[in-house]
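**Q** need a structure here:
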Amino acid sequence: MAESLEILLRQVVDIAILFFEFMGVIAIIITGFRGIRDSIRHNMDIRLNLAQGMALGLEFKLGSEILRTVVVRELSEVAVVAAIIILRAALTFLIHWEIRIEKESMDVK
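**A** Numbers count the residues shown, from 1 in each chain. Prediction:
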C-alpha cells in the first residue's frame, strides 16, 4: 500500500513539475514576443513589461524546483536542486529589484 502511494505521489509530482516548467517557458516566450511588439511600437514600458514577464516565468520554474525536492532520494540530488533554487531565487530577487527601480523612475518622470 505504501509503495503504491509513493508511486502515485511521484507520478503526480512529475506531472506537476512538467506543468510548471511548461508554464514558465510559455510565460517567458510570450513576454519575449510582447517585448518585440513593444519595441516596434516604441512603448516606453518595455523594460518593465519584460522584467515582470521574466519574473513570472522564473517563479513558475522555481515552483517546479521546489516540487522536485519532494522526489529526490540522494543527498547529491538535494544539493543540485538546492543550488538551482538558490540561483533562481536570486534571479527573481534581482528582477523584482529592477522592476521596483523601473517603477520608481517612471513615477519621477
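
**Q** V25 is in contact with L56, isn't it?
**A** No - using CB atoms under 8 Å, V25 is not in contact with L56; the gap is 11.5 Å. Where you see a C-beta, it was placed from the backbone N, CA and C, and this is true even at glycine.

**Q** so what does the helix or strand bottoming out on mean pLDDT in the chain touch, helix or strand wise?
**A** When the helices and strands of the chain are compared on mean pLDDT, DSSP states H and E, helix 75-108 comes out lowest with a mean of 85. Using 3 or more CB pairs under 8 Å, 6 or more residues apart in numbering; DSSP states H and E as the contact test, the elements touching helix 75-108 are helix 46-71.

**Q** the biggest helix by length in the chain to helix 46-71, inter-axis angle?
**A** Criterion DSSP state H: the longest helix present in the chain is helix 2-40. Here helix 2-40 runs at an angle of 170 degrees relative to helix 46-71 (axes from the mean of the first three to the mean of the last three CA atoms, to 10 degrees).

**Q** which parts of helix 2-40 are buried?
**A** 13, 17, 20-21, 23-24, 27-28, 31, 35, 38 (16 or more other CB atoms under 10 Å).
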